[in-house]
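# Compute the structure for the input listed below.
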Amino acid sequence: MKAQYVMTLLAGVAIGAIGLQGLHAQGAKQKAYTISEIEVLDPSAQAAYLPAARKAIETAHGRTFRTVGGRIVQIEGAPAPKNVGVIEWDSLDDAVAFYKSKAWADLAPQREKATKVIRRYVVEAEK
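This next block holds a predicted model:
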């Protein structure tokens, strides 16, 4: 009889641990990635702009993958863009907040001299 109580207790602890882990996972934010397809208008203006942009992104807790200028290989669909920037964020909300921030708006004059944005979007990643 005592063994049955111990087994019931252990089963309850296991079920509780699994439930707690599930609740914790529900509250966890999913990472998000900004994808920017850009055309470089002025390489020297871009060289001046990138350090300031990267600093603003890092201050907002974004992590740049430094893909601008990297090779792009088209696999399917429409032609690949000339340059792609990828930034990792802790959440989609963090990414959107950054792109609506004063820090990003203040960089607009430099950015507009350096690059033309073809398309920019944020993708939330599932765990």
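
# quick one, phi psi at the nearest residue to residue 73 once chain neighbours are set aside?
Spatial nearest neighbour of residue 73, chain neighbours left out: residue 80 (7.0 Å); criterion: Cβ to Cβ, 6 or more residues apart in numbering. Quick note: C-beta positions are derived from backbone N, CA and C, even for glycine. Per-residue torsions, residue 80: phi -70, psi 150 (degrees, to the nearest 10).

# and the helix or strand containing residue 113, what other elements does it pack with?
Using DSSP states H and E, residue 113 sits in helix 108-114. Applying 3 or more Cβ pairs under 8 Å, 6 or more residues apart in numbering; DSSP states H and E, one finds that helix 108-114 contacts helix 43-59.

# circling back to that earlier point, how about the residue nearest to residue 73, what does it touch?
Residues counted as contacts of residue 80 (Cβ atoms under 8 Å, 6 or more residues apart in numbering) are 72-74.

# at 10 Å what do you get?
Residues near residue 80 by Cβ atoms under 10 Å, 6 or more residues apart in numbering: 37, 71-74.

# ok, back up a step: could you export the helix holding residue 113 as PDB, CA atoms only?
Output of helix 108-114 as PDB, limited to C-alpha atoms (Å, rounded to 0.1, in the frame of the first residue of the first chain):
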ATOM      1  CA  ALA A 108      17.000  58.000 -42.200                       C
ATOM      2  CA  PRO A 109      19.000  60.700 -43.900                       C
ATOM      3  CA  GLN A 110      22.200  58.700 -43.900                       C
ATOM      4  CA  ARG A 111      20.400  55.500 -44.900                       C
ATOM      5  CA  GLU A 112      18.600  57.200 -47.900                       C
ATOM      6  CA  LYS A 113      21.900  58.400 -49.300                       C
ATOM      7  CA  ALA A 114      23.500  55.000 -48.900                       C
END
